[in-house]
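Novice: below are the sequence and a predicted model for it; my questions follow.
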Amino acid sequence: MKLSRRCFLSFSIGGAVGTALSPLPWKLTDDLSIWSQNWPWTPVPPDGESTYVDSTCMLCPGHCGIRVRKIDQRAVKIEGQENTVLNPGGGVCLLGLSGLQLLYSPTRVKGPLRKIKDDKGLPKWESISWSLAIEEVAKQLMDLRAQGRSHTVASLVGQEDGTVPQLLKRLIKAYGSPHFYHMPSVEDTQGAVLSLSQGIDGFVGLDVENADYILSFGSALLDGFGSPLRMMRAINRLKEQKGTLVQIEPRLSNTAAKADLWLAAKPGTEADLALGMAHVLINQRRFNEDFIYNHTEGFELFAVMVRNSYTPEAVAVTTGIDAATITQTALAFAAAKRPLAIFGHGKGQAPGSMREAAAVNALNALVGNINRPGGLHAMPAYDYIDWPAPFLDGIAYAGFNAKRVDGSGTPSVHRFFEAVDAAPEKLQLLMIAEANPSYSLTGCGKIKQAIKKIPFVVSFSSFMDETAMQADLILPNHLYLERWEDIPMRAGAVRQTVGLCRPVVAPQQNTQHLGDTVIQIAKALKGTVAQSFPWDNYYACLKQTMGNQWQDMNAKGAWEKEPAVVSPEPGFKTESGKLVMMNEPLKKILGAIVPAPEGDEKKFPLQLVAYDSIRLSSGYIGNPPFMNKVLPDTVLKGNEGFVELNPETAGKLGLAEGQSAILTTPHGQVKVRVHLNHGIMPGLLAMARGLGHTAYDGYLSGKGVNTNELIGPVEDPASGLDAAWGIQAILAKA
Amino acid sequence: MKQTQIHNEQPPRRYGMAIDVDKCTGCGSCMVACFSENNVPFKQDETDKLLSITWMRVYQLTNGKTFPHTEVAYLPRPCQHCAGQHEGHSPCVSVCPATATDYSADTGIVSQIYTRCFGCRYCMGACPYHARYFNWWDPVWPDGMEKYLSPNVSPRMRGVVEKCSFCFHRYQMARDKAYTEGGRKVQEAEYQTACAQACPAGAIVFGDLNDPSHAVNQIVKPDAHNHYKSGNPRAFRLLERLGTNTKVYYLSSREWVRRSGDNYRADEQPGMPGAAAQHG
Amino acid sequence: MDSALIPEGVKRCALWKFLLGLAVVGGVLVWGIIAMLLCWIKGLNQTNMNDYYGFALWIWADLAVIALGGGAFFSGLLKYVFGKDDLKNIINYAVLIGFICYSSALLILAIDVGQPLRSWFIFWHANVHSMLTEVAFCLSCYFAVLTIEYIPLILENRQIDKVPFFHNLGHNMHSTMAIFAATGAFLSFFHQGSLGGVAGVLFGRPFAYRESILNTIWPYTFFLFTWSAAAYGPSFTLFITWLTEKITRKKLVKNNTIYLLAKISGWMILTYIIAKSADTLYWVYQTAPAKGFNWDFFFQNNALYGKWILFVEIIVCGFVPGLLLVFKSSRENSFLRVAATFLGIIGVSLNRWVMVLQTMAAPVMPFDTWQLYIPSWQEVATTILPVAYGVILIMISYRYLPIFPQERELNPVEGADPDHAHAAAPHIGHEATVA
């Protein structure tokens, strides 16, 4: 007993001392630290051969030339190309830089999906093969055609330029429907004014690189307007060369912050401001007499209207900008060598007011800077796609010439969905490509409701976005980093340029090129529809379409059309060959009563506007995690979105920074937090566009508020397109 | 990260930046370029900026005036790569107990060795710029997204501090290339940080402050005999009065912006800072 | 049951009471251990620390317990080096408290670092310029010294003492204690100081930064921290002793010892607070302005940090306890003395809080903002964990070790409790056979 106890003690102590003196604890300590440096759950990116692939970014209308770094088969970094005609300055914006988060996103659609009902009758997705998916669409289309209802089929695309949307347009026509729509944008309004004043069916080119005085009517030149990188570089050049930037908008945006002069005009009065400036130019005879007298028509009519109704004093009352500032700005604009006035609010994702577009156009005409360096250019539409007309059989002919459900002159997406909502039987099948109308159109709540009523919805989305969630069938397109496509540049381009998007990596999911999907659907429809699609596949179609340019385009990554020989005469395509300052349609447009924002002013005393930030992608592409990460905590905190207001307004409402509040508009009610910002007009509320997704995953879904659910469309009296700049609202303590 | 000097006859490289605040549009591309280049992790919720790893962070400055006289400016803040009052006496390097962050006499870059850092965070307390970030969580990439991770920068494990390295791996690659090509100098264009390369506004100029052929030297005109103070009247450094002797210079023609770069007592005239603090 | 382990001639409560007490404190301990494991397994996201508060509650707790544990080195220094022999009656307890404080600090540090498994890199890859390296080396060494000082006390346990080897070991260790006490004092001087240096060298943080004395590497806070630990540490020892006396309902240390230590503590506090005031004034008029700050920028009366701090730290918890302990009449008034030691504890803890937390809270970049911080329950639990551990160690040590040499004399056991005697007898017999 005695011995054993002592033995035990000695043994234990001896053992402990012995172990401590042995290398074992030291080895273990070392091993543990080495383990902590190589935790198996911390990824180690495999190394490999590093290569670069050049392509074109398709995430916004800017279409920058990108260079993707690859390690073996993995794309690891997107950078801007240094020397490319697409964005000569190089660089790439944060959305372009985040592209790989989209490519490798778990929210991508993994392959063709069909919505079925589970045992409890709840909808669920079923994975199907591509052949089955094509068969399914073809069957639906053939059934409708057999019933003589081909005109109840519609297609909605993000934009119409290029072979892929044109294939879809061709399919709709050959199949027999008039319903082909694109998502609205400022280019619709710009194009309409261009057509009215210059008789050109094309798009507006903005020679920002050569302008020395830029008068921006709320265009987010530094926050994603048009071709974002090109605009940024141009503004920096403008500043370096001591040019002037004047920004007109009620909130101190990043563009306004960089402007030499920030004119916070009351929202919705921009047209008046432009016409007030026109008044100054005409009254003080500071317009370009040569241009006005030799190259325009209707000037006198225009002058009379402006003289009568838009004195700086009257405009000062309307806009809240004092008459002296209006006069000085107008005179400075006229005194500049190459002044340029730009129309289009924010990024230009909404068409906007025709009246304002026409007024801004008139300002450019008055200084004569049209189709000249540093001015506004009338760009003819792209014509490189010269396919023979599709074959139309009797059904197709009848269907294509049927009356569109929206019933307006120019196809209007909003009116289309309104018509569908009112009479769902008029639309049986909708195909949606590169667009997310259930999220990104103003008044998206109603859009969602209309889409719900459509019996069969086909989505070509590569992402499980809000609209794809509503689809019955998803035939996912490749992402831009996985596909070939021609990209005609618009967005203010002053030279016709077609970028080439080429696959950087092999398709990551079981997706298929939309061009191939369309050709396969056409072929499955047989008859004249199939005949209208003579190509084996999309790649063959693209190569054939580009013809002689293909080699060059493939080598350089873009094809640039030789600029037309600059003639001393502006050469307008109107009947008179002159630019129309004023005629009956324009008089109607300029004299139109501005539609007030929706909502009763008494019930909703404040006005809510949505603003664009380059840190938020608000169109088809959902904001990638990297971009959410750089959102200020005064835009999003946790899952709560912020509404900005002037401290003065907040004081009246008894609200302090960061406090919760209830924001109500005629369209809905949301809980928000408030951010006090001296840089916003008192009485105004502003919210960032691009938050409040309900689809996607936890990195995007449920964060903040979708302004499109709070702000509905306001129909422009002239174009029928959405001209909403805001909505009446009320904010109260939560 | 201390390298032996190859070109003893030349002054050591001193990489630095000149950021034109008047050009910066606050777009945030520099931040995203940095995330993408350096495998910076992200979480579902990044709205708590005190827990969000942003090696490069764009701050908003305001002149504090009311509508419509309000002005704002944006100030991108990478690691300032402080040299301190005597070369290498950065606030952080001097306090790291395990030599996990070091000052390279050859490049002037303040490094961070993730596998040596044991996460005491003293360096974070020492840095007045909040340029240092701690990995409070294990980095997790959504399923599939780990595919875009670059092999040139190791993802960091939980529990260590990380920060901007001036894309040091790019320097290593350029240096190795130059070495194999006969030990020539690294060209200005060969070594650019991801943020400088990405900046759409061209607001960030990066290069060797000691090399007169580099744009950054020409813009900053640093005075090597006076703690590299800039000779450009538009230039200022962040918290210069603390004696951190940073390598990131900011440029602005606006007085209020320049004044936002440092602290001034109530009794000080604008633009007339007192003598720089002396310390050991 | 356990009476054989209890020192001879003293009375202890019934075992069930003791075990019940242990269980209660043990519950708190388990709560802390759960929080500690959460921090180790899930990581420091369990805390409310963030990139502005890399140093927070834990570092404060470390600094505070080390300052409070300063009673050990300072009374050791006074007794063994300066020959204040009266202190022998309280030195055991001072050592025990010091041991608890220092082991707590090490435990908290092990939770606080992001990579505890490689925390030894601080020694392996030591950066000799870092104050934290100095802290780590001195702290570890001094903890070893405290352990060595504590071991003889353990060896004095009745049963252990019966083993001749341990008896001799204890005896020999006692005789060399002066060397250890001197070493301990030396090490303490440096680690207490370098803990002060941790904040003082931060030249990027104008609130904490202090110039160095005569262009050495040591900022003023280096000396202020050592001084304050020597001043307030003994107050903590006195306060805990008083608390122990209240709980055990016994007088454990004679008043002359208490008065002596209180007097020394009082003078130290008074001189320290004068130095601290001078330092503060220098900072107000020289250091902060040189960096572009008006001193009151740092005391903006936000939710946590206002000018009241200076008043509380320097006047209420500095001059007041210092003067109370310096004057004989107040020092020998039990209430005032205890109140003074308590204020002292608050004062030094507040100082450590301010030097860590307020330093982190105040913005340095002009466009930055104040950040306040509330610890998470995991941080609170892991900070209370060492308190619970300390209480348990004191309970066990008090029960089984002759901590207080004067206890027997001051509390003669008259007519031993029959139950107690009965229970004790067989054990003594049993153990006797073992011996």
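Specialist: All right, it came through fine.

Novice: what about the closest residue to residue A:48 other than its chain neighbours, how many residues nearby?
Specialist: Closest residue in space to residue A:48, ignoring its immediate chain neighbours: residue A:72 at 3.4 Å, by CB to CB, 6 or more residues apart in numbering or on different chains. Glycine gets a C-beta too; all of them are placed from N, C-alpha and C. Using other CB atoms under 10 Å in any protein chain shown, residue A:72 is surrounded by 12 other residues.

Novice: give me the buried positions along the one helix or strand residue C:108 maps to.
Specialist: Assigned by DSSP states H and E, residue C:108 belongs to helix C:88-112. Neighbour counts using 16 or more other CB atoms under 10 Å in any protein chain shown place C:89-109, C:111-112 of helix C:88-112 among the buried residues.

Novice: and for stretch A:541-552?
Specialist: Neighbour counts over stretch A:541-552 (16+ other CB under 10 Å) mark A:541, A:542, A:545, A:546, A:549, A:550 as buried.

Novice: next: stretch C:398-417.
Specialist: By 16+ other CB under 10 Å, the buried positions in stretch C:398-417 come out as C:398, C:399, C:400, C:401, C:402, C:403, C:404, C:405, C:407, C:410, C:411.

Novice: CA atoms only for that stretch - export them in CSV, please.
Specialist: Extracted C-alpha coordinates of stretch C:398-417, given in CSV (Å, rounded to 0.1, in the frame of the first residue of the first chain):
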residue,chain,number,x,y,z
TYR,C,398,-7.6,28.9,2.4
ARG,C,399,-9.1,25.7,3.5
TYR,C,400,-6.1,23.4,3.1
LEU,C,401,-3.1,25.6,3.3
PRO,C,402,-1.7,27.8,6.1
ILE,C,403,-2.1,31.0,4.1
PHE,C,404,-2.5,33.3,7.1
PRO,C,405,0.3,32.6,9.6
GLN,C,406,-1.5,34.7,12.2
GLU,C,407,-4.9,32.9,11.9
ARG,C,408,-4.3,30.4,14.7
GLU,C,409,-3.1,33.1,17.0
LEU,C,410,-6.0,35.4,16.2
ASN,C,411,-8.6,32.7,16.2
PRO,C,412,-7.8,30.2,19.0
VAL,C,413,-10.0,27.1,18.6
GLU,C,414,-11.5,26.7,22.1
GLY,C,415,-13.0,23.4,23.0
ALA,C,416,-12.9,21.8,19.6
ASP,C,417,-16.2,20.9,18.1
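
Novice: check what contacts it and list those residues.
Specialist: C:2, C:5-7, C:9-12, C:18, C:88-89, C:92-93, C:96, C:153-154, C:156-157, C:244, C:248, C:250-254, C:257, C:397 (CB atoms under 8 Å, 6 or more residues apart in numbering or on different chains).

Novice: keep only those of the residues you listed that are in helices.
Specialist: Counting by DSSP state H, the part of the contacts of stretch C:398-417 found in helices is C:18, C:88, C:89, C:92, C:93, C:96, C:153, C:154, C:244, C:248, C:257, C:397.

Novice: got a list of what the third one touches?
Specialist: Yep, that's residue C:89 we're talking about. Contact partners of residue C:89, counting by CB under 8 Å, 6+ apart, are C:253, C:254, C:257, C:404, C:405, C:406.

Novice: which pLDDT value goes with it?
Specialist: Looking at residue C:89, its pLDDT reads 89.

Novice: the closest residue in space to it that isn't next to it in sequence: how many residues sit nearby?
Specialist: Of all residues beyond its chain neighbours, the one nearest residue C:89 is residue C:257 (4.5 Å), with distances taken as CB to CB, 6+ apart. If you count neighbours by other CB under 10 Å, residue C:257 ends up with 22.

Novice: relative to residue C:32, how far out is residue C:257?
Specialist: Distance, residue C:257 to residue C:32, by CB to CB, to the nearest Å: 33 Å.

Novice: what do you get for residue A:462?
Specialist: 51 Å.

Novice: just checking, next helix/strand downstream of the helix holding residue C:108?
Specialist: Using DSSP H and E, the helix or strand that follows helix C:88-112 in sequence is helix C:121-124.

Novice: for that following helix, packing partners?
Specialist: Contacts defined by 3 or more CB pairs under 8 Å, 6 or more residues apart in numbering or on different chains; DSSP states H and E place helix C:121-124 against helix C:131-155.

Novice: does the helix it packs on reach chain B?
Specialist: Yes: judged by CB under 8 Å from any CB of the partner chain, helix C:131-155 and chain B are in contact via C:131, C:132, C:133, C:136.

Novice: touching chain A at all, the next helix or strand along the chain from that helix?
Specialist: Toward the C-terminus, helix C:131-155 is succeeded by helix C:158-161 as the next helix or strand (DSSP H and E). No: shown here: helix C:158-161 not in contact with chain A (CB under 8 Å from any CB), separated by at least 10.8 Å.

Novice: what are the contacting residues of helix C:158-161?
Specialist: By CB under 8 Å, 6+ apart, helix C:158-161 touches C:4, C:5, C:6, C:7, C:8, C:154, C:155, C:166, C:167, C:170, C:431.
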